[in-house]
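**Q** show me the folded form of this:
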Amino acid sequence: MEIRQLMYFVAVAEELHFGKAAKRLGMTQPPLSQQIKKLEEYLEVELFYRTKRKVALTEAGRYFYRETMKINTDLNAAIQNTKLINSGMLGSLKIGFGPDYGTLTKILKMYEQKYPDVQIQLEQMPTSEQLIALDKKEIHIGLLPGPIERKNIQSNVVAEYPYQVVLPINHPLAKEIEGIDLLQLKDENFIMTPREIGPAYYDAIINICNTAGFNPHIRKKTHELQTILPLVAANMGIAIVPALISYFNRGEVVFLPIRNCDVTMKNCIAWNTEARLPIVDLFIEMVGEI
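**A** Numbers count the residues shown, from 1 in each chain. Presented below is the predicted three-dimensional model:
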């Protein structure tokens, strides 16, 4: 049985006239009659009562027509969805992300408006895990500090944040709203994430402190940037973080600008150049318009 035979059957079932059905299909009547006969032989049933005056569906024919219409509906949907997937407008997109909720929210809102039929799968993970997941093609997109310098990973900057000092609200310098001279903090205990978790952030903080004239004394390390805040609030130390972390502030710490510091954290979207798909290309193109 062939799909075209189902099309022929539907035409005859709806016209109940072989001549009219043949005209509708753009063919002559003899080959149409031949194809219907082959279909009946394949099914081993009669689909139509035929007389010189009229054509009518048999009981089996009426049932087969109803089921064929379901098949046609499913087939048309499958064809349409296949085209949408091929164009990147349907499917599933896996995104890894860090603490930059603000940029993530902005991107997702825009993406949902443009491509509402794409399912987004989000997974929060540190920079190091995102890079591994991109390498292994376990995620399509990463949202992480960059730019990324790897042979198989490309990145575009989507947001840039200045670094700020985070102090407990009761710290003696907490009211220095005009900005902090970092040298004032050279004897403080610092809280950071380990370098293996996020080398871009770690190296930036070390360089900022070195430029200010000291090496930071790192007392505690935590694996998530946002978890630095409760440690600072508990007077376990201070920290230098990108301004995006202020999103998680609950009032127990203060964020202060750093004087004479123009270093910023550049957050990027990143993707594996060996795993480019239409759905990934559309996402990259859309983010480039923000």
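**Q** give me the contacts around stretch 176-188.
**A** Contacts with stretch 176-188, where a contact means C-beta atoms under 8 Å, 6 or more residues apart in numbering, come from 165, 173, 208-209, 212-214, 217, 237-238, 256-261. To be clear about C-beta, it is placed using only N, CA and C from the backbone, and glycine gets the same treatment.
**Q** and it, end to end?
**A** From its first residue to its last, stretch 176-188 covers 16 Å (C-alpha to C-alpha, to the nearest Å).
**Q** state the mean pLDDT of that stretch.
**A** Regarding stretch 176-188, the rounded mean pLDDT is 93.
**Q** can you point out the buried residues in it?
**A** 176, 180, 182, 185, 188 (16 or more other C-beta atoms under 10 Å).
**Q** mind putting those into TSV with distance to residue 161?
**A** Shown next, in TSV, are these (distance: C-beta to C-beta, whole Å):
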residue	distance to residue 161
176	20
180	17
182	17
185	20
188	22
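**Q** quick one: which two of these are the most distant?
**A** The span of the buried residues of stretch 176-188, defined through C-beta to C-beta, is set by 176 and 188 at 13.6 Å.
**Q** element containing residue 19, please.
**A** helix 18-25 (DSSP states H and E).
**Q** buried residues in that helix?
**A** For helix 18-25, by 16+ other C-beta under 10 Å, it's 18, 21-22, 25.
**Q** so what secondary structure elements neighbour the following helix or strand past it?
**A** Moving toward the C-terminus from helix 18-25, the next helix or strand (DSSP H and E) is helix 29-43. Applying 3 or more C-beta pairs under 8 Å, 6 or more residues apart in numbering; DSSP states H and E, we find helix 29-43 packed against helix 3-15, helix 18-25.
**Q** hey, which strand is longest across this structure?
**A** Criterion DSSP state E: the longest strand present in the chain is strand 153-168.
**Q** okay, stretch 40-57 in CSV with CA atoms only?
**A** Extracted C-alpha coordinates of stretch 40-57, given in CSV (Å, rounded to 0.1, in the frame of the first residue of the first chain):
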residue,chain,number,x,y,z
GLU,A,40,-8.9,-3.3,-2.2
GLU,A,41,-6.8,-6.3,-3.1
TYR,A,42,-4.1,-5.3,-0.6
LEU,A,43,-6.7,-4.9,2.1
GLU,A,44,-8.7,-7.9,0.9
VAL,A,45,-12.0,-6.0,1.3
GLU,A,46,-14.3,-4.0,-1.0
LEU,A,47,-14.3,-0.4,-0.2
PHE,A,48,-17.0,0.7,-2.6
TYR,A,49,-20.3,-0.6,-4.1
ARG,A,50,-20.1,0.1,-7.8
THR,A,51,-23.0,0.2,-10.2
LYS,A,52,-23.4,1.9,-13.5
ARG,A,53,-25.5,4.6,-11.8
LYS,A,54,-23.6,5.3,-8.6
VAL,A,55,-20.7,4.6,-6.3
ALA,A,56,-21.1,4.2,-2.5
LEU,A,57,-18.9,3.3,0.4
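**Q** now do the strands in the stretch 51-200 of the chain.
**A** Secondary structure of the stretch 51-200 of the chain (DSSP state E, counting those that start in this stretch): strands at 55-57, 91-97, 118-124, 141-146, 153-168, 189-192.
**Q** winner for burial among those strands?
**A** strand 141-146 (a mean of 25; mean count of other C-beta atoms under 10 Å).
**Q** and the pLDDT for residue 51?
**A** Note on residue 51: pLDDT of 85.
**Q** distance of it from residue 16?
**A** Remark: distance between residue 51 and residue 16 (C-beta to C-beta, to the nearest Å) = 12 Å.
**Q** which of those two has more neighbours?
**A** Taking other C-beta atoms under 10 Å, residue 51 and residue 16 do not tie; residue 16 has more neighbours (13 against 7).
**Q** got the angle for the longest helix along the chain vs helix 3-15?
**A** Across the chain, the helix with the greatest residue count (assigned by DSSP state H) is helix 59-87. Helix 59-87 runs at 130 degrees relative to helix 3-15, counting by axes from the mean of the first three to the mean of the last three C-alpha atoms, to 10 degrees.
**Q** only the buried subset of the contacts of stretch 176-188, as a ChimeraX command please.
**A** Here is the ChimeraX command that selects the buried residues among these (16+ other C-beta under 10 Å):
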select :165,208,209,212,237,238,256,258,261
